[in-house]
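Participant: Fold the following, please.
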Amino acid sequence: MRYSIEYPISSIEEPVTGSQRMELNGIIVVDKPAGITSAGVVSIVKNALNAEKVGHAGTLDPFAEGVLICCINQATRLADFLLHGTKKYIAELKLGEETDTQDLTGTVISTAEPENYSKETLQKVFKAFEGSLEQLPPVYSALKHKGVPLYKLARSGKPVQKPPRQVEIYSLTILDMALPLIRFEVSCSAGTYIRTLGTDIGKMLGCGGHLNALKRTASSGFTLDQAVSLSALKNLTPGTQQPEKFIRMADALPEMPTCRADTLLVKKIRHGQMITARELTGAGGFDTGRISGSKIKVVDQTEELVAILNYQGHDQRLNYCCVFPKQNA
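Facilitator: From the prediction side, this is the model:
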C-alpha cells in the first residue's frame with residue numbers, strides 16, 4: 001500500500017475553543033499507525049483531551065509507525081528537550097530499487113538486481129555505518145529552504161539539497177534477511193534519517209534500496225510499552241478523562257538530573273530571582289559538582305515540575321530555561 005506524504009507545517013496545534021477543558025499538563029506516548037501524518041495524530045490527541053495546545057517531539061513520516069511523543073498544554077514547552085534524545089527503530093530495507101523519497105511511497109528512479117549477498121558481507125557493510133557520519137537530508141523532508149518546506153519544492157520540480165550534517169549511529173544490527181528484504185534495528189542520535197541510511201546502505205552494496213517499513217520503538221527514553229493506541233484515544237469522551245499511561249511533566253525527562261527544592265527555593269524560582277549552585281546543593285544535598293554543563297530539572301516537595309535550569313559550572317549562577325506555574329489539577 002502507498003501513502004501520500006504530507007508533512008506538518010507546525011508540530012503544535014492552535015488553541016481549541018470550549019467552555020470546559022481538563023487541565024492536563026504532561027506527556028502521552030502514542031503508538032502511531034501507518035497511513036497518518038504526525039500532525040493528524042496531534043489533532044486526534046487534542047480533540048480527545050479537549051486540550052488547548054498539543055505538540056509532538058519528532059516527526060514520523062506517514063508510512064512510519066511507532067513512538068510519537070505528544071506534549072499536552074504546558075508540556076509543549078518541554079518539546080525542545082525531548083527532540084534531542086536517542087531514537088531507536090526497526091526498519092525493513094528493500095534492495096534493488098531506489099526511490100525519489102527513499103521509501104515505498106516514492107517513484108522508482110533506479111533499479112539493479114541485488115547479488116546473493118552473504119550474511120558476512122551484509123554485516124560488514126552495516127557495521128561500516130556505525131559511529132559518527134555525515135548524512136545528506138532527503139530532498140523530500142520537512143526541512144525548510146527560505147521558509148518553504150523541501151518536500152514542496154521537490155514536488156514542484158525544484159528539489160533543494162541541504163548540506164550534510166553530522167549524526168551518530170550508536171548501533172546497527174541485522175535482525176533477519178530474506179533477500180531482497182533486510183530487517184534491521186538501529187539506535188541513533190536525533191536528526192538521523194533512517195530513509196537515508198537505508199538508501200546509503202543500498203548504494204554501498206551497489207544495487208540501491210529504499211525503506212519498505214519503519215517503526216520507531218523508542219524516543220528520548222520512552223518506549224512502545226508506554227504508548228497508547230489511537231483507537232483508545234478516540235474512545236475517550238473529549239475533555240472528561242485522563243488517558244491511560246498519561247505521564248506527568250515531572251516524569252517527562254527521565255534522564256535529566258533532578259533537584260527537589262524546598263518551599264523557599266521554589267518561591268524564588270517562580271519569582272525569577274537569581275539562583276546559585278550553592279542553593280541547589282543545600283536543597284536535599286544535590287551535587288552540582290557532577291553535572292557541570294547540564295540542564296537540571298527542579299521539582300517541589302510534591303514532585304511537581306517547577307523549572308528547568310541550565311548550569312554551566314564556571315558560573316555559580318544558573319540560567320533559566322523555563323519556569324512552570326503551580327498546577328491546579
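
Participant: got the buried residues for stretch 151-165?
Facilitator: When burial is assessed from 16 or more other C-beta atoms under 10 Å, stretch 151-165 yields the following buried residues: Tyr151, Leu153, Ala154. (Each C-beta comes from the backbone N, C-alpha and C, glycine too.)

Participant: err, stretch 190-206, not the other one
Facilitator: Quick answer for stretch 190-206 (16+ other C-beta under 10 Å): 190, 192-202, 205.

Participant: Just the ones in helices from the buried residues of stretch 151-165, please.
Facilitator: If you go by DSSP state H, the buried residues of stretch 151-165 have Tyr151, Leu153, Ala154 in helices.

Participant: residues contacting the second one?
Facilitator: Contacts of Leu153 were listed using C-beta atoms under 8 Å, 6 or more residues apart in numbering, and they are Val139, His145, Pro159, Val160.

Participant: rerun at 10 Å
Facilitator: Val139, Tyr140, Lys144, His145, Lys146, Pro159, Val160 (C-beta atoms under 10 Å, 6 or more residues apart in numbering).

Participant: The third one bridge partners, please.
Facilitator: What that stands for is Lys144. Note on Lys144: beta-bridge partners Pro149, judged by DSSP bridges.

Participant: coming back round to it: adding distance to Ala91 and pLDDT, write the buried residues of stretch 151-165 out as CSV.
Facilitator: CSV is the format used below for those (distance: C-beta to C-beta, whole Å; pLDDT from 0 to 100):
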residue, distance to Ala91, pLDDT
Tyr151, 20, 80
Leu153, 26, 80
Ala154, 22, 80
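
Participant: Select from the contacts of Leu153 the one having the most neighbours.
Facilitator: Using other C-beta atoms under 10 Å as the neighbour criterion, Tyr140 leads the contacts of Leu153 with 25 neighbours.

Participant: Please tell me I have it right and that one contacts Leu150.
Facilitator: Yes: counting by C-beta atoms under 10 Å, Leu150 is a contact partner of Tyr140 at 6.8 Å.

Participant: For the helix or strand of the chain with the lowest mean pLDDT, list every residue counted as buried.
Facilitator: Using mean pLDDT, DSSP states H and E, the weakest-scoring helix or strand in the chain turns out to be helix 277-282, at a mean of 77. By neighbour count with 16+ other C-beta under 10 Å, helix 277-282 contains the buried residues Ala277, Glu279, Leu280.

Participant: That's all I had, so thanks and see you.
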